[in-house]
Every structure is written in C-alpha cells, then in structure tokens.
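J.: no letters, just coordinates:
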C-alpha cells in the first residue's frame, strides 16, 4: 500500500484506517477473507471492499465484491447461509 493510499484511508476511515491496513497487509495477506482470491486491477468484481456489520457499524474484513454481494444477498443472515450450504452439499453428494 502506498503512502497516498494510507492517507486516503485515514481521511475516509479515521481510526478505522489502521484496522483496514492491518487486515489487508497482515491478517489477510491482500486476499479476500472468504474466497482467498487476490484483487485484480482489471476486474471490478475482484477488488477488495470493506465489509462491515451494518448494525454494529464495525469493520469485519476485506472481501472481494462477489463475496460481499453474496453476503448482502443473504442479508448477513447466518441461518440462511447455513441453509444454502446444506442445499449445495445435498446436491454435491449425488454426483
């Protein structure tokens, strides 16, 4: 991350900028927290976005847009996501 990018994060996220930097550079090694893909400059869908808990207003992790939209489509509902996993696994066993 360039110094300019860090300054931009600081302007946009204040104290949260340090957490974002920590997630990107240390904890997640520049990868999406779910699919583990690295961002691509050529693909809008594989850029990392800041995922946050809408109720608690807390940063959770950095995700690629596909994973972030996927969570959003399930309204961050762990029960629905669990049902979706069960559904997928049910059909995987048939192959």
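T.: Yes, it's here. Note that the structure is a prediction, hence the values are computed from the model and not measured. Numbers count the residues shown, from 1 in each chain.
J.: how about the helices in the chain?
T.: Using DSSP state H, the helices of the chain run over 3-13, 16-22, 65-73, 78-92.
J.: which among these is found nearest to residue 40?
T.: helix 65-73 (10.8 Å; CB to CB). For glycine as for every other residue, the C-beta is placed from the backbone atoms N, C-alpha and C.
J.: and the closest one, what's its mean pLDDT?
T.: Helix 65-73 shows a mean pLDDT of 92.
J.: between that helix and helix 78-92, how many degrees?
T.: Between helix 65-73 and helix 78-92, the angle comes out at 120 degrees (axes from the mean of the first three to the mean of the last three CA atoms, to 10 degrees).
J.: in helix 65-73, what's buried?
T.: For helix 65-73, the neighbour count (16 or more other CB atoms under 10 Å) marks 65, 67, 68, 71 as buried.
J.: and those, which is closest to residue 53?
T.: residue 71 (10.7 Å).
J.: I figured the closest one was touching residue 51, is that so?
T.: Yes - taking contacts as CB atoms under 8 Å, residue 71 lies within contact range of residue 51: 7.0 Å.
J.: where does the protein have low pLDDT?
T.: Per-residue confidence for the chain (pLDDT under 70) gives these ranges: 1, 26, 41-46, 94-95.
J.: spatially central residue for it, please.
T.: residue 63 (1.8 Å; CA atoms, centre = their mean).
J.: and that one, how far is that from residue 49?
T.: Separation of residue 63 from residue 49 (CB to CB, to the nearest Å): 6 Å.
J.: now residue 19
T.: 15 Å.
J.: same question for residue 60.
T.: When distance is defined by CB to CB, residue 60 is 11 Å away from residue 49.
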